[in-house]
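Student: The following block contains a protein sequence and its predicted model.
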Amino acid sequence: MSLVPLQTATTTGPLFISRGILLVSSVTLWMVSFVTAVLSPNEGGARQLTVVALGFDLLGLVVAVIASHPQTPRGQLPGLRLIWLASSIASGVMTAGVMTPTSGFPALALNVLLGTSLVFLVALRWDLLGFLVLISANSVLSGIYYATTPRFGSGDGLLIFFITLFPGLVGGLTVFILRSMAEGQTARQTIQALQTLTEHADSRASARSGELAVTHQHIQELFAKVAETRGLPLRPELAEQAQELAGQLRAHLMVCHSTNWFTESLALAGLESKVVVVAQPDLVEHLPQASRSAVLASTMLLASTPVHSPEVPAFAAAGKLHVYVEPHVEDTVLITWRVTNLNPQRCTPALWSELESLGRPRVQTDPGGASIMVRVKAPRPW
Amino acid sequence: MGAEIRGLATRLLNLDRSDLVVRGGALVAFVFIACSWLYVRPSMGGPLWQRAAASVLVILLVACLAAMLWTDIWPLRLVLVLGLITFSEVLAGVTYRQESDSLLLAHSLAMGASSVVALSLRPTWKSAAFTALLGALVLGHTHASSMVHNLGPTTLLIVTGFWLILLAIRHTAPKALDALWSDQEVKAVSNAAQAVARNIISANQADARLLHDTVLRSLAVVAHGGAGADPEKLREVLTVRPFDGGALGSRTSSPRTAAVDADASERTHRAVAVVERSSSHDLASLLTERAVRHSRQGFSISVFGEAGTLPEGTQSAMVDAAEECMVNAARHAGTDRVDVLVSRTGSLVSVLISDAGCGFHPESIPGERFGVRQSVVNRMDEVGGRARVLSAPGRGTTVVLEAEVLEIEAP
């Protein structure tokens, strides 16, 4: 069979695989900076500047944490990145300002390291280009901070650049390698899945079309009788049989069209018993092609998200998942995924990326589980 | 070269996630030690044996890290930690610690590289005890060294920070990698399922259109007793080829049989036959052909304008969709005239089928009526076009069919 071109789920998403690692790194670095500053021999104005710099670092840390949170609206991210950049510059300038020929170098290095760690957090939901731009800007700024210190030209710049560039380089390389590996893996898995699902679909189609083929056989027989009839009008029994067969054919067509791309895809993926789709007839068909991949991928990712059931202490794959598709205002539909016992914190970054590509996801949790809601533009096709 | 890279990627993919993290950690630690050494070496003073010992230790450490790319057995980790501690002590004999805190930082980074052994932590008490022992060795030495040399807490803090971060990576990264791989697999199945489902739906819709536009119409004629139809033409029309209820996709290739309007009892001329979809026919000519077919006494369809010849798929879809609109108008509009306006603006080709009949609420079409939904809207959708139905009770009906045509032949 020839397949229509693949409409793949979104490939953009969190730049790095784990936000937790970045959070631990950033918090650890800030705490080391804090303790180092507290124990430093600086006094008077220098000490005040150090405290203010630490405050800016903390502000940058908080902003980066918010910017990397999966549920932070994407529209707020540019502003948050700017705030982070401003706080980073302020902190860097102040830290470099208190540096003397004999002290302050670790504080500046830690500041630069923290800045680098925060770049990863701030760019977590950006693309690779954005990350590279930000890490480059951070490197240039670090160089400038160092250039303003009394130690400039003493050879310490090598270390500063090493500290600044190396994590970014490692991060960028890791992202490249992991992404290319994942893409290659996905391509192979997609081809395998296509072959498997096509065979599955063929067997389903054969089973479904049996009754329709019988009806069509009867129609052919009727037409053959009509063709043999001399003169018109036809005998009333032929007309009655034609009416009856037309009704049957229409019913078969209705059955054929009782499915839609969503339920058909879920059935092919073996999720028809696990996922219950509640939608008005035709409403799912209103969803534009561009959104369908994300809707399906989100559903399947949610279906595979482990949940914690009170009855079963261990984490298990999600139980029943209900998907409600309801009409909303201004040519939009509201899609609600309801998963029992789901903790949204356990949802993977890939899921949030898919949901974000549809719209702004809202999450409601309750003792019984969680609901994720997204409004999706779905104009009537006609 | 490409094969080697692919082989390496395959080996990496087949690695246990924890092993993958250990190998990545070994590479990072290697870079830390190498860079620190490059930085501190020019500043080293002291006797020659100290510098030679430091160089030998660096070679030993690099060898250990290189070996960790294959295995992270416990003796290797122990040698790595002991090597780093000795390296630190050899450097401690040099005067740099008291005179330059940047060198102190480079030393801290090198000692921080010991935290790579935390990545080898496994969920067994033996592994936990051994890793804890190594951690205690490193941090204890760093603390003692700082006390002896009166260095303050900076080195200890940095090394502790390294260990904390690497422990977090050990705890989180394998899970995150597993989740990433698992999600990729789900996405792959999702992509494939959607593509196959789309094909199934498309095939079903094509079947529905075929049956609706041909068999159902023919049945309707028979159901009306064939009143008014030409017996010869009716016989020709009813020669329907067998329905291919076989595998997915095979049905769409079924030839289109003749279409008979249920109300075409007074059709005047032109046999209803399979239309030759020759590319030599332009859109307006084909529409005129269909218009003539469905015109009868007291009901006329007029075609105006021209748009040249479109790519075959788009042209067929537009003509078939427009024909369905003509049939619907003839059957339901209660008017004696339908106008079809063909136009082209740049790459946008549009066909307007308009009548001044009774009109209807587009939302009120029952689900079991396939005509507009399948034969018009979905048909246009499948070729990347669109259909709009503009109608209201008592206000007539206009159906707008539009398609973007990139390669269009001049009319």
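Tutor: Cool, got the structure. Because the structure is predicted, anything quoted here is derived from the model rather than measured.
Student: Can you read off the backbone torsions of the residue of chain B most remote from its centre?
Tutor: Ranking residues of chain B by C-alpha distance from their mean position (CA atoms, centre = their mean) puts B:Pro47 at the top, at 63.2 Å. When read as degrees, to the nearest 10, the backbone of B:Pro47 gives phi -70, psi 160.
Student: Next: the one 4 residues further on.
Tutor: The phi and psi values for B:Arg51, taken as degrees, to the nearest 10, are phi -70, psi -40.
Student: Nearest residue to it in space, please, no chain neighbours.
Tutor: Using CB to CB, 6 or more residues apart in numbering or on different chains and skipping residues adjacent in sequence, the residue nearest B:Arg51 is B:Met44, 5.6 Å away. C-beta coordinates here come from the backbone N, C-alpha and C atoms, glycine included.
Student: Around that neighbour, count how many other residues there are.
Tutor: Counted with other CB atoms under 10 Å in any protein chain shown, the burial measure for B:Met44 works out to 18 neighbours.
Student: my read: it touches B:Ala54, true?
Tutor: Yes. In terms of CB atoms under 8 Å, B:Met44 counts as a neighbour of B:Ala54; the distance is 6.9 Å.
Student: Run the chain-centre distance for the lengthiest helix in chain B.
Tutor: When chain B is scanned for its longest helix (criterion: DSSP state H), the result is helix B:154-210. In terms of CA atoms, centre = their mean, to the nearest Å, the gap separating the centre of helix B:154-210 from the centre of its chain is 12 Å.
Student: so after the helix or strand of chain B with the lowest mean pLDDT, what's the next helix or strand?
Tutor: When the helices and strands of chain B are scored by mean pLDDT, DSSP states H and E, helix B:96-99 comes last with a mean of 51. Taking DSSP states H and E as the definition, the helix or strand that follows helix B:96-99 towards the C-terminus is helix B:101-112.
Student: Do you have the helices of the stretch 151-300 of chain A handy? List them.
Tutor: Under the criterion DSSP state H, counting those that start in this stretch, helices of the stretch 151-300 of chain A are mapped to A:157-228, A:236-256, A:261-268, A:283-286, A:289-303.
Student: Quickly list the domain ranges of the chain.
Tutor: Unless you meant another one, I'm taking chain A. When chain A is parsed with automatic domain parsing, its domains come out as A:19-181, A:206-256, A:261-377.
Student: sorry, should have said chain B
Tutor: Here the domain assignment for chain B is B:2-152, B:275-411, based on automatic domain parsing.
Student: can I get the ones you listed in a markdown table with distance to B:Val186?
Tutor: Converted to a markdown table, those look like this (distance: least, CB to CB, whole Å):
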| stretch | distance to B:Val186 |
| --- | --- |
| domain B:2-152 | 17 |
| domain B:275-411 | 28 |
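Student: Let me know which of those domains is the nearest to A:Gln345.
Tutor: When those are ranked by distance to A:Gln345, counting by CB to CB, first place goes to domain B:2-152 at 20.9 Å.
Student: what about the residue of the stretch 251-400 of chain B found nearest chain A, which SS state?
Tutor: At 4.6 Å from chain A, B:Val377 is the closest residue in the stretch 251-400 of chain B, using CB to the nearest CB. Classification of B:Val377 using DSSP: H, G, I helix; E, B strand; the rest coil returns helix.
Student: Correct me if wrong: it contacts B:Gly385.
Tutor: No. At 9.8 Å, B:Val377 and B:Gly385 do not qualify as touching, with contact defined as CB under 8 Å.
Student: Just the CA atoms of stretch B:21-35, as PDB, please.
Tutor: As requested, C-alpha coordinates have been extracted for stretch B:21-35 and formatted as PDB (Å, rounded to 0.1, in the frame of the first residue of the first chain):
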ATOM      1  CA  VAL B  21      26.300   7.700  31.900                       C
ATOM      2  CA  VAL B  22      29.500   6.200  33.300                       C
ATOM      3  CA  ARG B  23      31.200   6.500  29.900                       C
ATOM      4  CA  GLY B  24      30.000  10.000  29.400                       C
ATOM      5  CA  GLY B  25      31.300  10.900  32.900                       C
ATOM      6  CA  ALA B  26      34.700   9.300  32.100                       C
ATOM      7  CA  LEU B  27      35.000  11.600  29.100                       C
ATOM      8  CA  VAL B  28      34.100  14.700  31.000                       C
ATOM      9  CA  ALA B  29      36.500  13.800  33.800                       C
ATOM     10  CA  PHE B  30      39.300  13.300  31.300                       C
ATOM     11  CA  VAL B  31      38.700  16.800  29.900                       C
ATOM     12  CA  PHE B  32      38.700  18.200  33.400                       C
ATOM     13  CA  ILE B  33      42.000  16.600  34.400                       C
ATOM     14  CA  ALA B  34      43.700  17.400  31.100                       C
ATOM     15  CA  CYS B  35      42.600  21.000  31.200                       C
END
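Student: what is the mean pLDDT for it?
Tutor: In this model, stretch B:21-35 has an average pLDDT of 85.
Student: Do it and chain A come into contact?
Tutor: Yes. In this structure, stretch B:21-35 sits against chain A according to CB under 8 Å from any CB of the partner chain; the contacting residues are B:24, B:28, B:31-32, B:35.
Student: shared neighbours of B:Met44 and B:Ala54, which are they?
Tutor: By the contact definition CB atoms under 8 Å, 6 or more residues apart in numbering or on different chains, B:Met44 and B:Ala54 are jointly contacted by B:Leu91.
Student: ok but A:Val323 is inside a strand, no?
Tutor: Yes. Judged by three-state DSSP, A:Val323 forms part of a strand.
Student: show me the contacts for it.
Tutor: Listed by CB under 8 Å, 6+ apart, the contact set of A:Val323 reads A:262, A:275-279, A:299, A:335-338.
Student: hmm, 6 Å instead?
Tutor: A:277, A:299, A:337 (CB atoms under 6 Å, 6 or more residues apart in numbering or on different chains).
Student: what's the closest of those to B:Ser316?
Tutor: Distances from those to B:Ser316 were compared by CB to CB; the smallest belongs to A:Val277, at 33.2 Å.
Student: correct me, but that closest one touches A:Thr263?
Tutor: Yes. Under the criterion of CB atoms under 6 Å, A:Val277 makes contact with A:Thr263 at 5.5 Å.
Student: On the pLDDT front, check residue 88 for me.
Tutor: Going with chain A. The predicted structure lists A:Ser88 with a pLDDT of 93.
Student: meant chain B, my bad for not saying
Tutor: At B:Ser88 the predicted local distance difference test score is 83.
Student: Is it located within a strand, as I assumed?
Tutor: No. Following the definition three-state DSSP, B:Ser88 is helix and is not counted among the residues of a strand.
Student: Let me see the contact set for residue 169.
Tutor: Looking at chain A here, since you left the chain open. The neighbourhood of A:Leu169, defined by CB under 6 Å, 6+ apart, contains no residues.
Student: wait, chain B
Tutor: Counting by CB under 6 Å, 6+ apart, B:Ile169 makes contact with A:Ile21.
Student: Ok, the one 5 residues further on next?
Tutor: Counting by CB under 6 Å, 6+ apart, B:Pro174 makes contact with B:17-18, B:21.
Student: Who wins on neighbours among those?
Tutor: With neighbours taken as other CB under 10 Å, the top of these is B:Val21, carrying 21 neighbours.
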